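Colleague: please work out how this folds:
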Amino acid sequence: MTKLYKRDIYSSKRIAGICIYCRIFAAINKKMIDMRILMGLLFAVTVWAANAQSMNERGVQSCYTLDECQQAAEKNYPLIQRMDLIRQTTALTVQNIQKGWLPQVSATAQATYQSDVTAFPEKIQSVYQQIGIEMQGLRKDQYRVGIDIQQTVFDGGAIKSQKEVARWQGNVQEAQNEVNMYPVRKQVNEMYFSLLLLDSQIQLNRDLQELLDGNEKKLASMLKGGTAAESDYQNVKAERLNVKQNLTSLESQRQTVARMLSVFCGIEIKEVTKPVPSVALSQQEGLRPELKAIDAQLRLADAQEKTLDAALLPRLGVFAQGFYGYPGYNMFEDMIHRQWSLNGMIGARLSWNIGALYTRKNDKAKLQLARQTAENSREVFLFNNNLEQIQQNENIDRFRKLMAEDEEIIKLRSQVRKAAESKLRHGIIDVNDLLREINAENAARVQQSMHEIEMLKEIYNQKYTKGEPLSLSL
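Modeller: Numbering: from 1, shown residues only. All right, here's what the predicted structure looks like:
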């Protein structure tokens, strides 16, 4: 929509500029304008032209390179949005783990009824009664409303290791998302080179039409001179119309492929540029997202092993407790008055969970098996990837050898066709022989074009197989 809007603005400015020119010339013709107004209008037109050209350069780009299309497709593919979601989720998880260092506050309220309570022996109670003290003892119904605050001082590195695990879990998810997105590049390759091949075939079709049209005109002239039959002229004309029909089919296919590529990349693509790869293929390898995902899995296993080590260390913390209720800490006072009171306590606590030793051996064995599984996945991927590269290298060499002979074949076919045209003029061969040679030459040119495009496609598919980075930025 933005590009259409910019194009509309550009068109409207162009129309406005034309109107200004018309007004200038009309005013000059009627001698109703002085030099000041003329200079002002010319200045306005100059500014308009500069702005229109600038907008055209910025907003109406229609020819794109392969790298630009691949980058645009990756940005446009809906799966790219998941990367940001994964990062946000990981950040929130790490923040939650970090809050383990904050004081843990809990509020409690309880009411109980006991079958028995602490009481003084009857002899002591009688002694207190003799001196005038009524010792009622504790009530069986008891109540408490309180707050408990705990602060971790030393956790053995548990929180740090948990944060590290959370980060690497996010990295694994991001790497896996990159693996799922990577085939986008190959899909762009398929459509991009299909578009290039159709462009080449369309041009060859037009060249063929031009060649047939020239021979058609020659036969028309020979027909007027009585040196050619009308059927020969009609035969060539029918062949030209048949080629024209093929052009309509090719243009329809091109429009479909261009539309698909535009929707896939999220940009309007009208023309594409034929890539020019380097003579020597890059040897840069090991950048495939599958390998990055495997590395992330290995780092995750290392982080998880640190959590096992942290689980063996003791925990040190301080705490504070306070409650309002009955009975309180002064039970002697509560036995006498039976009143609710405020009570508090602070202290330090050292704990050591030796239960982690029970499963430590098995947990470490599981992590080691996870590492071995990841390394096996790496070996399998590299094995299959190497086989694919070998096949692509063979295909590239094959196309290069074919292309080395294509030029000679086209040269020979062109000479044979020209000789056939000369023979037709002298009545040595008929039109069918000429058409056969024309089609043979065109087939050779189409074959050369296919070999060239297919070789380029294999080269860039090998870049995809190796995981070479895109060289351009949008």
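Colleague: now for the most centrally placed residue in the chain: which residues touch it?
Modeller: Centroid-nearest residue in the chain, with Cα atoms, centre = their mean: E74, separated by 3.8 Å. Contacts for E74 (Cβ atoms under 8 Å, 6 or more residues apart in numbering) come out as I80, M181, V184, R185. From N, CA and C alone the C-beta is placed, and that goes for glycine too.
Colleague: near the last one, how many other residues are there?
Modeller: Same thing as R185. Neighbour count for R185, taken as other Cβ atoms under 10 Å: 21.
Colleague: repeat for the third one
Modeller: Neighbour count of V184, defined by other Cβ under 10 Å: 18.
Colleague: unless I'm mixing things up, it is touching A73, no?
Modeller: Yes - if you go by Cβ atoms under 8 Å, V184 and A73 touch, sitting 5.2 Å apart.
Colleague: same list (the contacts of E74) but as CSV, adding distance to Q245.
Modeller: Below are the contacts of E74 laid out as CSV (distance: Cβ to Cβ, whole Å):
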residue, distance to Q245
I80, 42
M181, 41
V184, 36
R185, 36
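Colleague: switch those over to a markdown table; also include pLDDT, distance to N376 and secondary structure.
Modeller: What follows is those, written out as a markdown table (pLDDT from 0 to 100; distance: Cβ to Cβ, whole Å; DSSP: H, G, I helix; E, B strand; the rest coil):
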| residue | pLDDT | distance to N376 | secondary structure |
| --- | --- | --- | --- |
| I80 | 92 | 30 | helix |
| M181 | 94 | 24 | helix |
| V184 | 94 | 27 | helix |
| R185 | 92 | 26 | helix |
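Colleague: quick revisit: host element of the residue nearest to the centre of the chain?
Modeller: Element membership of E74 [criterion: DSSP states H and E] is helix 66-76.
Colleague: and that helix, how far out from the chain middle?
Modeller: 9 Å (Cα atoms, centre = their mean, to the nearest Å).
Colleague: swap in stretch 120-138?
Modeller: Worked out by Cα atoms, centre = their mean, stretch 120-138 lies 83 Å from the chain centre.
Colleague: likewise stretch 169-179?
Modeller: Mean-position distance between stretch 169-179 and its chain equals 12 Å (Cα atoms, centre = their mean).
Colleague: give me the contact list for that stretch.
Modeller: With Cβ under 8 Å, 6+ apart, stretch 169-179 has contacts from 79, 82-83, 86-87, 89-90, 93, 289-290, 292-293, 295-297, 299-300.
Colleague: quick check: mean pLDDT of it?
Modeller: Stretch 169-179 shows a mean pLDDT of 95.
Colleague: ok, back up a step: out of the contacts of stretch 169-179, which are buried?
Modeller: Neighbour-count burial (16 or more other Cβ atoms under 10 Å) is assigned, among the contacts of stretch 169-179, to I86, T90, T93, P289, E290, K292, A293, D295, A296, Q297, L300.
Colleague: tell me the pLDDT of the last one.
Modeller: Same thing as L300. According to the model, L300 scores 96 on pLDDT.
Colleague: pretty sure it sits against V165.
Modeller: Yes - with contact defined as Cβ under 8 Å, L300 reaches V165; the gap is 7.0 Å.
Colleague: in the protein, mark out all the strands, start to finish.
Modeller: 63-64, 104-113, 141-154, 271-272, 315-326, 341-351 (DSSP state E).
Colleague: how about those strands, which one is nearest N246?
Modeller: strand 271-272 (21.4 Å; Cβ to Cβ).
Colleague: pLDDT below threshold where in this protein?
Modeller: Residues of the chain that meet the criterion pLDDT under 70 lie in 1-62, 278-286, 470-474.
Colleague: determine the set of other helices and strands touching the longest helix anywhere in it.
Modeller: Longest helix of the chain, by residue count under DSSP state H: helix 356-425. Packing contacts for helix 356-425, counted by 3 or more Cβ pairs under 8 Å, 6 or more residues apart in numbering; DSSP states H and E, involve helix 183-225, helix 289-311, helix 431-466.
Colleague: how about the ones you listed in a markdown table, adding distance to I396?
Modeller: Shown next, in a markdown table, are the helices and strands packed on helix 356-425 (distance: least, Cβ to Cβ, whole Å):
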| stretch | distance to I396 |
| --- | --- |
| helix 183-225 | 14 |
| helix 289-311 | 23 |
| helix 431-466 | 5 |
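Colleague: could you point out which of those helices sits nearest E405?
Modeller: The nearest among the helices and strands packed on helix 356-425, by Cβ to Cβ, is helix 431-466 at 9.4 Å.
Colleague: got the buried residues for the closest one?
Modeller: 431, 434-435, 437-439, 441-442, 444-446, 448-466.
Colleague: and that helix, what other elements does it pack with?
Modeller: Against helix 431-466 (3+ Cβ pairs under 8 Å, 6+ apart) you get helix 183-225, helix 230-265, helix 356-425.
Colleague: ranking the ones you listed by burial, who's on top?
Modeller: Mean neighbour count (mean count of other Cβ atoms under 10 Å) peaks for helix 183-225 among the helices and strands packed on helix 431-466, with a mean of 17.
Colleague: and the angle from that one to helix 431-466?
Modeller: For helix 183-225 against helix 431-466, the angle by axes from the mean of the first three to the mean of the last three Cα atoms, to 10 degrees is 170 degrees.
Colleague: my guess is N461 contacts N189, does it?
Modeller: Yes - with contact defined as Cβ under 8 Å, N461 reaches N189; the gap is 6.1 Å.
Colleague: quick one: contacts for L342?
Modeller: For L342, the contact set (Cβ under 8 Å, 6+ apart) comprises G322, F323, Y324, G328.
Colleague: Q142: which of those is nearest?
Modeller: Distances from Q142 to the contacts of L342, taken by Cβ to Cβ, are shortest for G328, at 10.3 Å.
Colleague: what is the burial count for that closest one?
Modeller: Per other Cβ under 10 Å, the neighbour tally for G328 reads 17.
Colleague: next one: phi and psi at it?
Modeller: phi -100, psi -160 (degrees, to the nearest 10).
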